[in-house]
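Q: Sharing a model that was predicted from the sequence below.
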Amino acid sequence: MAKKADYVVPYRRKRKGKTDYKNRLNILKSETTRLVVRPSNKHMMVQLVDYKMDGDIIVSSANSQELKKFGWDFTAGNTPSAYLVGLLCGLRGQKKGVKKAILDTGLITSVKGSRNYASLKGAIDSGLKIPAGEGVFPNEERIDGKHIAHMDKENITKEFTKVKKKIIESFKK
């Protein structure tokens, strides 16, 4: 006759592969605002999140769908839009007093030159201090959109610079 189970059931989010609690704990120990980057196939979401004992607080957030307000008519899931979303979130965070952050990509595989690092580059270019090596960022041609310029009828690099200027000017007021 069995008295009790010999195993412990892991947390639900760990079982489903949604959260790496060991990595999350190490990030939270730094007591720094997290730059949370979450890509999907069609969009990017970037948030600045503070940890509180009763739950995380989102300081600022930006989604690639918001770029349409600034005149972005191209795909919302590519590298240039990821950079612009990181820039937008970083500027919003600075407006609310965030000076530094640490990158939190969750369970996303870290790949050099990926959209995650394009968002990180945008947040750094907004003025946030985030530790990162220069070798992980995509090169400037990918951030500007020159690698996909031949696919679009319009010039994506000109549109990128216009939208970037609009985003920066909207926060100077």
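A: Cool, got the structure.
Q: Where does the residue most central in space within the chain sit, in terms of helix or strand?
A: With distances taken as C-alpha atoms, centre = their mean, the chain has Val37 as the residue nearest its mean C-alpha position (2.9 Å). Assessed by DSSP states H and E, Val37 sits inside strand 34-39.
Q: can you give me how far that strand is from the chain middle?
A: Strand 34-39 sits 4 Å away from the centroid of its parent chain (C-alpha atoms, centre = their mean, to the nearest Å).
Q: so after that strand, what's the next helix or strand?
A: Counting by DSSP H and E, the next helix or strand C-terminal to strand 34-39 is strand 44-50.
Q: Identify the residues contacting that following strand?
A: Defining contact as C-beta atoms under 8 Å, 6 or more residues apart in numbering, one finds that strand 44-50 is touched by 33-39, 56-64, 76-77, 81-82, 85-86, 88-90, 92-93, 98, 101, 104, 115, 119, 122-123. (Each C-beta comes from the backbone N, C-alpha and C, glycine too.)
Q: one more time with 7 Å, if that's ok
A: Outside of strand 44-50, the residues within contact range by C-beta atoms under 7 Å, 6 or more residues apart in numbering are 33-38, 56-64, 77, 81-82, 85-86, 89, 93, 98, 101, 115, 119.
Q: Stretch 143-162 too?
A: With contacts defined as C-beta under 7 Å, 6+ apart, stretch 143-162 is touched by Gly71, Trp72, Asp73, Phe74, Asn78, Thr79, Pro80, Tyr83, Ala118, Lys121, Glu141.
Q: The fifth one: what's its closest spatial neighbour, skipping adjacent residues?
A: Just to be clear, that refers to Asn78. Ile148 (6.4 Å; C-beta to C-beta, 6 or more residues apart in numbering).
Q: again, but for the second one
A: In this structure, Trp72 finds its nearest non-sequential neighbour in Val163, 4.9 Å apart by C-beta to C-beta, 6+ apart.
Q: from the middle of its chain, how far away would the helix or strand that the one you found is a member of be?
A: Secondary structure assigned from DSSP H and E places Val163 in helix 156-172. Distance of helix 156-172 from the chain centroid (C-alpha atoms, centre = their mean) equals 18 Å.
Q: Show the average pLDDT along that helix.
A: Across helix 156-172, pLDDT averages out at 93.
Q: If we go by neighbour counts, what in that helix is buried?
A: Ile156, Thr157, Glu159, Phe160, Val163, Lys164, Ile167 (16 or more other C-beta atoms under 10 Å).
Q: which residue sits closest to Gln94 in space, ignoring its chain neighbours?
A: Using C-beta to C-beta, 6+ apart and skipping the chain neighbours, the partner closest in space to Gln94 is Gly127 (5.6 Å).
Q: swap that for Arg13, please
A: Per C-beta to C-beta, 6+ apart, closest to Arg13 is Thr19, 4.0 Å.
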